[in-house]
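S.K.: How does the following fold in three dimensions:
(one chain, ligands or ions: 2)
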Amino acid sequence: MTGNNLAIIILAAGQGTRMRSRLPKVLHQIGGRPLVGHVLTTAGRLEAEHVEVVVRHERDQVVAALEKDYPAAVFIDQDEVPGTGRAVQVAVDALPADFDGDVLVLSGDCPLADADTLRSFLDAHRAAEAEATLMTAVVDDPTGYGRVIRDADGGVDRVVEQKDATADEAAVSEINAGMYVFRVATLRKYLPSVGVDNAQGEMYLTDVPGLLRRDGSRVAASVVSDVTVTYGVNDRAQLAEVGRLLNRRIVRRWQLEGVTVIDPATTWIDDDATLAPDVTILPNTHILRATAIAEGAIIGPDTTLVDCEVGADAIVRRTDATLAVIGAEATVGPFSFLRPGTVLGARGKIGAYVETKNAEIGEGSKVPHLSYVGDATIGRGVNLGASTITANYDDVNKHRTVVEDEVHTGSHTTLVAPVRLGAGAKTGAGAVVRKDVPAGSLAMSVAPQRNIEGWVEKNRAGTGAADAAARTRVAE
Ligand code: UD1
Ligand code: CA
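M.R.: Ligands and ions are numbered 1, 2, ... in the order given. Modelled structure (predicted):
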């Protein structure tokens, strides 16, 4: 079915006024990619000979957002003549003159039509041997859509836009989904006859079925049973609703692949993310972009992972991480902030209130509490004591900290970079390490403690502290 004789035209030139946005409508994102990106991804699965995207409003921005990810797409500029009919016409004009197959027309703002739905739609068109086939759906609330008007025999007669509909026509609940298959010859023949004499002064693609019928040609309709595949985005409320439906579909796909998702309603998984069997996702978790999670890992609750790699059986809870790699059986969280370039080795630990950035932390190494580790290379079996901080920034440049295998730092150690701690070295509590520490050495930088006896009673007479101290002395 695919490959042969198919061109796909994606309409993306409209402004999307109802979004009230400076961003073109088709670039608004759901599931980690622009609306029109979903349509292009699906188009790619159909392996058409030609994929064209019609652009006009903010065309440079739209093209720039898409050309890298969809190199096979050809961008076609619509001229000043408005309307979906004109959009398709400029795209058809750009097809090779000897192309004589079918044209599948899709809208850049309808991201939920999946490849299986479109394949059956094409099959239905070819089986019906129609000049044109419309995808239609029967909906509870047809407001805003074009209505499909049938003739006495139940065949498609024409499509009437909401703004041009009489009260009777507006009451029809079968809507035009905005997806069509046409023989390219049909479009070449009929589009030149489409005028702009309508409520919106636009060339309507939806005039073509009526023109065909007037000539006695056959127009088929393929009524989809799952109306959600036809949902388009015209405003921000629909953006959220369509985003939710897409997410529900993605979550379900992973559930069927063996992923436990405790609460689908609060679990958001982008289309590009991949999850292995026996992963468990706890509530309120966002698995974004190209994040990949290996078998048995437990993620969440309250966790956001952007472009992260999580190893098998790792546990990541209440964490915010971007471009980080978390090794197998490692544990992260709660309340950890992993910034780009964090690489945590197998069985490692990044614990509570720890921030990391551009830091390699070796196998089995632990940063358990209250630390900042940035621009650092940490070896294996290292334990950074509570509140160990890499002072990586000297107000002008960033510098690297190197901590070799089996180093243990005391609580509240400050590592002033550039600095190196040799294998097995230790630091005393509160140490400020400004010089390299040779392997096996203990670094101390805090002055020996001096106790001044009686200081409180002398200098803080009458306070609770002085009274408490006095009572202790009497008791002795
Ligand atoms: C269109 C259909 C309507 C159908 C609905 C389904 C027409 C006239 N109406 O209405 O019957 O029920 O889709 O969602 O076709 N576009 C261009 N160039 C233009 C105008 C629009 O490329 O000059 C693109 C838009 O970017 C959008 C798509 O075409 O991706 C649909 O345009 P839109 O204005 O949203 O049409 P609807 O009013 O939704
Ligand atoms: Ca629309």
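
S.K.: CA only for contacts and neighbour counts going forward, please
M.R.: Noted.

S.K.: From G16, how far off is V172?
M.R.: V172 sits 25 Å away from G16, taking Cα to Cα, to the nearest Å as the criterion.

S.K.: Output the set of residues of the stretch 51-200 of the chain in proximity to ligand 1.
M.R.: For the stretch 51-200 of the chain, the contact set with ligand 1 under Cα under 6 Å from any ligand atom comprises 54, 82-84, 87, 107-109, 145-146, 161, 175-178.

S.K.: out of these, which are inside strands?
M.R.: Under the assignment DSSP state E, those contribute 54, 107, 175-178 to strands.

S.K.: And the furthest pair within those?
M.R.: Spatially, the most separated pair among these is V54 and I175, at 23.4 Å (Cα to Cα).

S.K.: Report pLDDT for L211.
M.R.: At L211, the model reports a pLDDT of 97.

S.K.: Outline the domain layout of this structure.
M.R.: Following automatic domain parsing, one gets these domains for the chain: 6-230, 258-443.

S.K.: Throw those domains into JSON lines and include mean neighbour count, thanks.
M.R.: As requested, these are arranged in JSON lines below (neighbours: other Cα atoms under 10 Å):
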{"stretch": "domain 6-230", "mean neighbour count": "19"}
{"stretch": "domain 258-443", "mean neighbour count": "22"}
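
S.K.: Adding distance to R236, write the ones you listed out as a markdown table.
M.R.: Listed next are the domains of the chain as a markdown table, based on distance: least, Cα to Cα, whole Å:
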| stretch | distance to R236 |
| --- | --- |
| domain 6-230 | 6 |
| domain 258-443 | 18 |
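
S.K.: quick one: which of these is nearest G454?
M.R.: Nearest of the domains of the chain (Cα to Cα): domain 258-443, 25.9 Å.

S.K.: Which stretches in the stretch 101-250 of the chain count as helices?
M.R.: Counting by DSSP state H, counting those that start in this stretch, the segments of the stretch 101-250 of the chain that form helices are 115-128, 167-170, 184-190, 207-214, 236-256.

S.K.: which residues touch the shortest one?
M.R.: Here helix 167-170 makes contact (Cα atoms under 8 Å, 6 or more residues apart in numbering) with 142, 147, 149, 160, 162.

S.K.: let's see 10 Å
M.R.: Contacting residues not belonging to helix 167-170 are listed as 142-149, 159-164 [Cα atoms under 10 Å, 6 or more residues apart in numbering].

S.K.: quick one: what helix or strand has the residue of the stretch 351-476 of the chain found nearest ligand 1 in it?
M.R.: At 40.6 Å from ligand 1, K357 is the closest residue in the stretch 351-476 of the chain, using Cα to the nearest ligand atom. Assigned by DSSP states H and E, K357 belongs to strand 354-361.

S.K.: by contact count, what packs against the very next helix or strand once past that strand?
M.R.: Counting by DSSP H and E, the next helix or strand C-terminal to strand 354-361 is strand 366-369. Applying 3 or more Cα pairs under 10 Å, 6 or more residues apart in numbering; DSSP states H and E, we find strand 366-369 packed against strand 331-332, strand 349-352, strand 354-361, strand 383-384.

S.K.: TSV please, covering the helices of the stretch 101-250 of the chain and showing distance to N5.
M.R.: Formatted as TSV, these follow (distance: least, Cα to Cα, whole Å):
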stretch	distance to N5
helix 115-128	11
helix 167-170	36
helix 184-190	10
helix 207-214	21
helix 236-256	30
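
S.K.: Contacts only, for E257.
M.R.: Counting by Cα under 10 Å, 6+ apart, E257 makes contact with 251, 275-279.

S.K.: Leaving out the residues flanking it, which one is nearest to the closest residue to ligand 1 within the stretch 201-350 of the chain?
M.R.: Across the stretch 201-350 of the chain, the shortest distance to ligand 1 (Cα to the nearest ligand atom) belongs to Y204, at 4.1 Å. In this structure, Y204 finds its nearest non-sequential neighbour in G85, 4.6 Å apart by Cα to Cα, 6 or more residues apart in numbering.

S.K.: Show me the shaky parts of the stretch 351-476 of the chain.
M.R.: For the stretch 351-476 of the chain, applying pLDDT under 70 flags the ranges 476.

S.K.: Which residue ranges of it form strands?
M.R.: In the stretch 351-476 of the chain, the strands defined using DSSP state E, counting those that start in this stretch lie at 354-361, 366-369, 372-378, 383-384, 389-391, 401-403, 408-409, 414-416, 419-421, 426-427, 432-433, 442-443.

S.K.: Give me the helices and strands touching the fifth one, please.
M.R.: Counting contacts by 3+ Cα pairs under 10 Å, 6+ apart, the secondary-structure elements packed against strand 389-391 are strand 354-361, strand 372-378, strand 401-403, strand 414-416, strand 432-433.

S.K.: pLDDT of stretch 156-173, averaged?
M.R.: The model assigns stretch 156-173 a mean pLDDT of 96.

S.K.: Make JSON lines from the strands of the stretch 351-476 of the chain and add distance to L95 to it.
M.R.: Output for these, formatted as JSON lines (distance: least, Cα to Cα, whole Å):
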{"stretch": "strand 354-361", "distance to L95": "49"}
{"stretch": "strand 366-369", "distance to L95": "60"}
{"stretch": "strand 372-378", "distance to L95": "53"}
{"stretch": "strand 383-384", "distance to L95": "64"}
{"stretch": "strand 389-391", "distance to L95": "60"}
{"stretch": "strand 401-403", "distance to L95": "59"}
{"stretch": "strand 408-409", "distance to L95": "68"}
{"stretch": "strand 414-416", "distance to L95": "64"}
{"stretch": "strand 419-421", "distance to L95": "63"}
{"stretch": "strand 426-427", "distance to L95": "71"}
{"stretch": "strand 432-433", "distance to L95": "69"}
{"stretch": "strand 442-443", "distance to L95": "74"}
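
S.K.: And those: which comes nearest K458?
M.R.: Going by Cα to Cα, the one of the strands of the stretch 351-476 of the chain nearest K458 is strand 432-433, 32.7 Å.

S.K.: so where do the strands sit in the stretch 1-150 of the chain?
M.R.: Counting by DSSP E, counting those that start in this stretch, the strands of the stretch 1-150 of the chain are 6-11, 29-30, 33-34, 50-55, 74-77, 102-107, 132-138, 147-150.

S.K.: Nearest approach to A237 belongs to which of those?
M.R.: Distance to A237, taken as Cα to Cα, is lowest for strand 29-30 among the strands of the stretch 1-150 of the chain, at 12.6 Å.
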